[in-house]
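**Q** For reference, the sequence and a predicted model appear below.
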Amino acid sequence: MMTRIPILKLRDCLIVSIQWELDDQTAIAFQEDLLAKLHTTAARGVVLDLTPIDFIDSFIAKVLGDVISMSGLMGAKVVITGIQPAVAITLIELGIRLENVVTALDLENGLEKLERELED
């Protein structure tokens, strides 16, 4: 049985905290789950917490980049929190562009930044 990543709704935002290294199947399921949740809840923002993740491979990096882009296409602002150095290096080296994405050091700061983004 595949483990699913919990997606929590807080006001008009979705909060996702990835707590373990992702395999390809879990990453694809996460992408589908998040987009479905954005559609059904009409959430205006997503905080994606990557704090525990200290390594991603090229496929997972692409899926994360796609999730961020797709969320934007669905009208949601995205804040990524807790990016570890190795993850940042991998994303840049693979050419994953995180345009129009706000970053924060931790989940609390990320929620504050998202609330400010949504006020504008």
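**A** Thanks, I have it. Numbers count the residues shown, from 1 in each chain.

**Q** make it CA atoms for all contacts and neighbour counts henceforth
**A** Will do.

**Q** and L38, how many residues sit next to it?
**A** Counted with other Cα atoms under 10 Å, the neighbours of L38 add up to 22.

**Q** Tell me which stretches of this structure form strands.
**A** 7-10, 13-17, 45-49, 77-81, 102-104 (DSSP state E).

**Q** Can you add mean pLDDT and give those back as JSON lines?
**A** JSON lines is the format used below for the strands of the chain (pLDDT from 0 to 100):
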{"stretch": "strand 7-10", "mean pLDDT": "93"}
{"stretch": "strand 13-17", "mean pLDDT": "94"}
{"stretch": "strand 45-49", "mean pLDDT": "95"}
{"stretch": "strand 77-81", "mean pLDDT": "95"}
{"stretch": "strand 102-104", "mean pLDDT": "93"}
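
**Q** will you turn the ones you listed into a markdown table that also has mean neighbour count?
**A** Formatted as a markdown table, the strands of the chain follow (neighbours: other Cα atoms under 10 Å):
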| stretch | mean neighbour count |
| --- | --- |
| strand 7-10 | 15 |
| strand 13-17 | 21 |
| strand 45-49 | 26 |
| strand 77-81 | 24 |
| strand 102-104 | 19 |
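
**Q** what's the residue closest to the geometric middle of this structure?
**A** Of all residues in the chain, the one closest to the mean position by Cα atoms, centre = their mean is L48, 3.3 Å from it.

**Q** what about it, distance to V67?
**A** 10 Å (Cα to Cα, to the nearest Å).
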